[in-house]
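Trainee: can't give you the sequence, but here's the structure:
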Ligand SMILES: [Zn+2]
């Protein structure tokens, strides 16, 4: 017993491949995605050289079967031939008998090159015959490469007068005819796991990854010069996210919010209550945040590092930012905790002294650097 499943669109170019006795389990995908079809075939061996072949095709676009067919086939190994007869029911509610035959002729005593003659005749209920047939030159190349067999088929549909070509490899089949119809048929194997593939920005099919999906959707932009001072090895995600937002000047500070609500005059810095807050004010023009930042600079040896955000960004953009991980953590950790304290005061009406915020920053950085060193050793 043999079962095959094919998934695809326009299968007319494959009309004869479905009758191939050695047709392996396959999933077919065609360019016409509006006409996806699922093809199922099952073979039941009746006798050593005789089998009952059941196959059908479901058109997913129409939600109805394209056809169902039951065929008894007998093989004549000595003659390299087969004969079949059965019934087929198609989408037009047509029930008809079908008779099919196939014979191979070796070329120049080579068993790898054959002429194949195929014939088929459908007879409907009015006994009206519809003949069809094809001539094929088939070239089998065993071990084309290591563990790779290839079959090249050049064919000609006699009634429709359509030349076609088929290339089959162990894992795929490619079909095309002179009318431009084509499809690619990857072959399913039970012992191989499914793999998710992704078309990258260059159009190449590659293994799926979040990184590539992001690149395809968002695009590849040039790196900003301050990236390594934000997303460095050992960074703390919540620190870096806040720092990154601040570097982009995208924190919702009051100077930005004020432009959203024209006429509002009630805004003032939650830390010092002297003016509305802004990136320059919060980092670290404000008396509150400046005290925290100065203590942190002394604690971690960041002497000479600027205190105004515009100057800090200039240093980072000039690649003169802190080189040590602990210094980068000190900067991003201070930015995070200043922003956190500002929001606590604004939205929860909870306040703490600068010395407390400084200790929080200091203790967290010590904790992170210590755990990072332990993790590095283990
Ligand atoms: Zn302030």
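Mentor: Structure received. Just so we're clear, the structure is a prediction, and the values are computed from it rather than from any experiment.
Trainee: ok, now which ones touch residue 288?
Mentor: Contacts for residue 288 were tallied using Cβ atoms under 8 Å, 6 or more residues apart in numbering; they are 271, 272, 338, 341, 354. Yep, even glycine has a C-beta here, placed from its N, CA and C like the rest.
Trainee: Just give me the closest of those residues to the ion.
Mentor: When the contacts of residue 288 are ranked by distance to the ion (Cβ to the ion), residue 272 comes first, at 3.2 Å.
Trainee: three-state assignment of that closest one?
Mentor: What DSSP: H, G, I helix; E, B strand; the rest coil gives for residue 272 is coil.
Trainee: which SSE is residue 373 in?
Mentor: For residue 373, the element it lies in under DSSP states H and E is helix 354-377.
Trainee: Next: residue 97.
Mentor: Using DSSP H and E, the secondary-structure element containing residue 97 is strand 95-107.
Trainee: just to revisit the earlier point, so does the helix holding residue 373 get close to the ion?
Mentor: No: interface with the ion: helix 354-377 contributes nothing (Cβ under 5 Å from the ion), its closest point being 11.2 Å away.
Trainee: Okay, buried residues for that helix please.
Mentor: For helix 354-377, burial by neighbour count (16 or more other Cβ atoms under 10 Å) applies to 354, 357, 358, 360, 361, 362, 364, 365, 368, 369, 372.
Trainee: How about residues contacting it?
Mentor: When contacts are taken as Cβ under 8 Å, 6+ apart, the neighbours of helix 354-377 outside the stretch itself are 234, 236, 288-289, 291-292, 295-296, 299-300, 325-326, 329-330, 333-334, 337-338, 341.
Trainee: Repeat that for stretch 293-303.
Mentor: Defining contact as Cβ under 8 Å, 6+ apart, one finds that stretch 293-303 is touched by 283-284, 305, 307, 322, 326-327, 330-331, 333-334, 338, 354-355, 358, 361-362, 365.
Trainee: quick check: mean pLDDT across it?
Mentor: What stretch 293-303 shows for mean pLDDT is 94.
Trainee: quick one, what contacts residue 245?
Mentor: By Cβ under 8 Å, 6+ apart, residue 245 lies in contact with residue 251.
Trainee: roughly how far apart are it and residue 358?
Mentor: 22 Å (Cβ to Cβ, to the nearest Å).
Trainee: for residue 89, same thing?
Mentor: Applying Cβ to Cβ, the value for residue 89 to residue 358 is 83 Å.
Trainee: I figured residue 271 hits residue 282, correct?
Mentor: Yes: counting by Cβ atoms under 8 Å, residue 271 touches residue 282, with 7.5 Å between them.
Trainee: Need the residues touching each of those two.
Mentor: Counting by Cβ under 8 Å, 6+ apart, the common neighbours of residue 271 and residue 282 are 289, 338, 342.
Trainee: list the buried ones in the one helix or strand the last one maps to?
Mentor: Think residue 342. With the criterion set as DSSP H and E, the secondary-structure element containing residue 342 is helix 325-343. Within helix 325-343, the residues that count as buried by 16+ other Cβ under 10 Å are 325-339, 341-342.
Trainee: Going along the chain, name the strands of the stretch 201-350 of the chain.
Mentor: Counting by DSSP state E, counting those that start in this stretch, the stretch 201-350 of the chain has strands at residues 205-207.
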